[in-house]
Each structure stands twice: as structure tokens, then as C-alpha cells.
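Undergrad: need the 3D shape of this:
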Amino acid sequence: MPYFESAADRTRLHFVDYGPSDGPVIVFVSSSYFGTEMWEHQMLPLAAEGFRCVGFDRRGHGRSEDVWGGFDLDTLARDLGSLLDHLDLRDVTLVGHSLGTAEVVRHLTHRGTDRVARVALVGGIAPGPARSADHPEGWDPELIRGSAETFRRDRAKFFADGADAFFARHLPGPQVSDEYVAYMVGRCHGATARAATALWDLLPSLNLVPEMVKIDCPVLVVHGSDDASAPLALTGRRAADLIPGAELRVYAHAGHGLFATHADRLNDDLRAFARAAG
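TA: Numbering: from 1, shown residues only. Okay, the predicted model is just below:
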């Protein structure tokens, strides 16, 4: 059965494993609220080309177990590590989106690169959007906490109201259909109320700067120029500046949902990156 247990607390987590078992391995770590369905425009075509594409539903998301605890970043990173161990994956290209990038960074901090060869941070929230001593331009943590309270009061309205900005529907460039937007808004509710609200609590104090400067594998940073959820200047550009040797690729007129709007371009970048030596 496509489930594994987290080494942290034996939470039962669902995973998908597409493509040939001996193909180059790409592991996808989803954004908050979404399960593996968010990566359909990457996993299906890349698996058809011979890549082994693996993803999992975060605890409290999709088909994974609904639990109360374990939404701290250390436990979430251990969940990811448990998947790599369960399938004995090696030479992995690890791809994270949004909060998933924070889990990827923390995994590298805990486990290093024993199974991971390279990392792609897509629309990343890492190193963190909040104001801090080393990031005075960041968002006021109290404003983030206020947004979290708004989210707790009415998640449905938050998801619906934010959809157009998420996919940068007001800008020129590739667009997704109204039906796809409605589908993805619905999929946000695949995260339980507990999981969805608990993840918000990570953001006001999230600061991965000390960890990111120590990353010692090839890193590709992909970010939309008009990402409203994780603005380029606050997260993506900082990530590329912090990580030694990281490459930054900015997609013009792309928002946070570039995995859908700019799927072909992202696939080209991931395909080339995953096949790169070293």
C-alpha cells in the first residue's frame, strides 16, 4: 500500500511513486494545504519521460493521517526523511514549493546530502518572510499573526479571495482556466483545519538564514516576479543570495502558482537540473 510511517511519531502518510523504479529520482514537497495533486503538471509528464517522480501528502493533508501534533518544522522535516528512507531513495533531486522549501532546508540541516544530490526551491517561503534582525525589510510578525487570525475565522473566504493573486490572473502571460482555479481552491480544503492553522504558526518566527548559508549541494531557485504569497525580494532572491553557488531563475509575470501557469517552463528547468552531474 502507498503509505509509510513517520519515524518521528509513526503518523501514517500517503505517497505516490510514478515512473520507472530505476529512473533519475525527483521528490516533490508540496505547499501548505495541497497534497501531491498540485504537482500533476510536473509528475505525470516527467514520469512519462523516464524520471521516477515521488511525492507525499503532508500530515493532516490529502490522504495522510489527521493528527493533532507534529506541525513543527523539525517533525515535518523528519516526515520527509522517513519517505526517503522508506523507499531507499538516493541521488535525489528534491523539489519544494512554498512552505515545502522550509521543510527541504531543515531536512538538509538534519540529514545533510546523504540521499540528496541537488535541490530546487520553487516559489519558496524560505528563508522566511518575517522581519528580523538580519531582515529588517521583512513583514511585521504581528501582521502575519493578524493574517493567521483572519485565516482561522474563515479559511474558505481566504482561499477564494486569494486565488486570483495566487495564479497572477491580472497579469499577461500563461493562464489557467476558471475551472482549474475552482478545483485548486477546493483542494486547499484537503488540509484539515488543525493542519492548515498550525502551519500558519510557523511563519512569524521562521528564519532559516543560518541553515541556508551552510547548504553544500547544487541549488536552483525558481521564483515568480509577481509572487504575492512569497515576494521575490523577501524570499526567493534572498535564498539565492544566501546559498553558496545557487542559481536564481525569475519567471516574468508569474505568481505563486507558477507550477501550473508556467508548468512547461518549470518542467524544462527541472528536467535539465535533475539530469545535471554533481
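
Undergrad: beta-bridge partners for the residue nearest in space to the middle of the chain, please?
TA: For the chain, H97 is the residue whose C-alpha lies nearest the centre (C-alpha atoms, centre = their mean; 2.2 Å). On the basis of DSSP bridges, H97 takes part in beta bridges with V122.

Undergrad: ok now do A252, which residues does it touch?
TA: 173, 225 (C-beta atoms under 8 Å, 6 or more residues apart in numbering). (Each C-beta comes from the backbone N, C-alpha and C, glycine too.)

Undergrad: rerun that using 10 Å as the cut-off
TA: By C-beta atoms under 10 Å, 6 or more residues apart in numbering, the residues touching A252 are 171-173, 224-226, 262.

Undergrad: so which one among those residues has the lowest pLDDT?
TA: On pLDDT alone, G173 ranks lowest of the contacts of A252, at 88.

Undergrad: where does that residue land in three-state SS?
TA: The three-state assignment at G173 reads coil, by DSSP: H, G, I helix; E, B strand; the rest coil.

Undergrad: ok, the most far-flung residue of the chain relative to its centre to V221 distance?
TA: Distance from the C-alpha centroid of the chain peaks at A133, with 25.3 Å (C-alpha atoms, centre = their mean). Note on A133: its distance to V221, by C-beta to C-beta, to the nearest Å, is 23 Å.

Undergrad: likewise for S98?
TA: 13 Å.

Undergrad: isn't the residue nearest to the centre of the chain right up against R58?
TA: No - using C-beta atoms under 10 Å, H97 makes no contact with R58, being 11.6 Å away.

Undergrad: next, show the common contact partners of the two.
TA: Contacts common to H97 and R58, judged by C-beta under 10 Å, 6+ apart, are 29-32, 34.

Undergrad: just the buried members of the residues you listed?
TA: 29-32, 34 (16 or more other C-beta atoms under 10 Å).

Undergrad: in strands only, show me the residues you listed.
TA: The strands, defined by DSSP state E, take in V29 from the buried ones among the shared contacts of H97 and R58.

Undergrad: in a markdown table: the buried ones among the shared contacts of H97 and R58, plus distance to R78 and pLDDT.
TA: Shown next, in a markdown table, are the buried ones among the shared contacts of H97 and R58 (distance: C-beta to C-beta, whole Å; pLDDT from 0 to 100):
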| residue | distance to R78 | pLDDT |
| --- | --- | --- |
| V29 | 13 | 98 |
| S30 | 16 | 98 |
| S31 | 19 | 98 |
| S32 | 18 | 98 |
| F34 | 20 | 98 |
